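Chemist: Provided below are the primary sequence and the corresponding predicted coordinates.
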Amino acid sequence: MKLTIFRLDVRFPVPQGGEATILKDIDLAVGAGELVVLLGASGCGKSTLLNAVAGFNPPTGGEIWVDRRRVEGPGIDRGVVLQTDALYPWLNARDNVAFGLRLRGVSRRERELRAEEALALVGLDGKGDHAVWQLSGGMRQRVSLARALVADPEILLMDEPLGALDALTREQMQDLVLNVWKRTGKTILFVTHSLDEALYLGTRIVVLAGRPGRIVLDEASTLGRRALDEGLGGRIKSSADFAEAREKLRGIIFAGGETRAAA
Ligand SMILES: Nc1ncnc2c1ncn2[C@@H]1O[C@H](COP(=O)(O)OP(=O)(O)OP(=O)(O)O)[C@@H](O)[C@H]1O
Ligand SMILES: [Mg+2]
């Protein structure tokens, strides 16, 4: 297994005293090259789970392993993309992508080469010199993705990376994510609260629900793969199979006691 989450508990202190249990007894084993989508209503603990894997907040109980290394904190084996880009406005696109390599003492020549490669992978060839303020929101998220990819991480962790984009850009970016996944073979954990996005991207869909959050569904999904293999692209979203899968998923989320999930 590429990623193993074993009996993970996350509790946070609450201001009134005591603790709130956000996640309880989460078990998840992710094989190399899977694109696991984590879906669930707002507040169910998706980001908390992703942040635990990223090593940003240590688990209160349980263990997280990447291959045979136990996660003790952030590491270059895990690349992270968040909902809003956290790019440095005073650096151009290339230097934003190369920033982590610079901290690790990679030579200027090599980091520029690798940054350009990563930018090309996300369709931004030749845009390295652009200032951050010259880029659209979609382009900024591409730069964020390139920055996560540049160190060639084992796992990509993406927390609603497309959530702040307009509907059309979001659809294009979903295709980009699928293509990057296909070309790099990366293991991806992708958080969304969109049913369509989950079904379109995931090779596997994991639904979190309840308080504390638990896994209420963990199921393989083939629609995104079909879109890639059969060259259907976004058109698969209007197929009968897609509509049926969406309704089934919606039912599961509502049955999990949730009242909000975006289509
Ligand atoms: N560092 C923290 N300290 C205290 N409570 C926290 C902390 N991080 C998250 N929480 C709480 O944990 C719960 C789950 O939050 P989380 O951000 O994981 O939800 P989410 O599923 O990602 O929601 P959304 O879809 O809105 O992003 C929330 O009630 C939140 O207030
Ligand atoms: Mg979140």
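Modeler: Sure thing, it's come through. Numbers count the residues shown, from 1 in each chain. Ligands and ions are numbered 1, 2, ... in the order given.

Chemist: And residue 211, what's its pLDDT?
Modeler: On pLDDT, residue 211 comes in at 88.

Chemist: tell me the SS of it?
Modeler: With DSSP: H, G, I helix; E, B strand; the rest coil as the basis, residue 211 sits in coil.

Chemist: Which residues does stretch 98-109 contact?
Modeler: Residues outside stretch 98-109 that contact it (C-beta atoms under 8 Å, 6 or more residues apart in numbering): 76, 88, 91, 95, 110, 111, 112, 114, 115, 147, 150, 151. (C-beta placed from N, C-alpha, C; glycine too.)

Chemist: So which bits of the stretch 1-150 of the chain are right by ligand 1?
Modeler: Applying C-beta under 6 Å from any ligand atom, we find that the stretch 1-150 of the chain lies next to ligand 1 at 12, 22, 40, 42, 43, 44, 45, 46, 47, 48.

Chemist: Now for the last one, how many residues are close by?
Modeler: Other residues within reach of residue 48 by the criterion other C-beta atoms under 10 Å amount to 21.

Chemist: so residue 190 touches residue 201, yeah?
Modeler: Yes. Under the criterion of C-beta atoms under 8 Å, residue 190 makes contact with residue 201 at 6.0 Å.

Chemist: residue boundaries of the strands in the chain?
Modeler: If DSSP state E is used as the criterion, the strands of the chain fall at 3-13, 19-30, 35-39, 61-66, 69-70, 78-81, 155-159, 187-192, 204-209, 214-220.

Chemist: how distant is the longest helix along the chain from the center of its chain?
Modeler: Under DSSP state H, the helix in the chain containing the largest number of residues is helix 167-184. Offset of helix 167-184 from its chain centre (C-alpha atoms, centre = their mean, to the nearest Å): 12 Å.

Chemist: Next one: whichever residue of the stretch 101-250 of the chain sits closest to ligand 1 from residue 160, what distance?
Modeler: Residue nearest to ligand 1 within the stretch 101-250 of the chain: residue 193 (5.0 Å; C-beta to the nearest ligand atom). Note on residue 193: its distance to residue 160, by C-beta to C-beta, to the nearest Å, is 7 Å.

Chemist: and residue 49, how many residues sit next to it?
Modeler: Residue 49 - counted by other C-beta under 10 Å - has 30 other residues nearby.

Chemist: so what's it up against?
Modeler: 5, 8, 10, 23, 26, 38, 208, 213.

Chemist: can you pick the most crowded of those residues?
Modeler: When neighbours are taken as other C-beta under 10 Å, the top entry among the contacts of residue 49 is residue 38 (28 neighbours).

Chemist: can you pull the contacts of that one?
Modeler: Counting by C-beta under 8 Å, 6+ apart, residue 38 touches 46, 49, 50, 189, 190, 191, 192, 206, 208.

Chemist: swap in residue 33?
Modeler: Listed by C-beta under 8 Å, 6+ apart, the contact partners of residue 33 are 2, 185, 186, 187.
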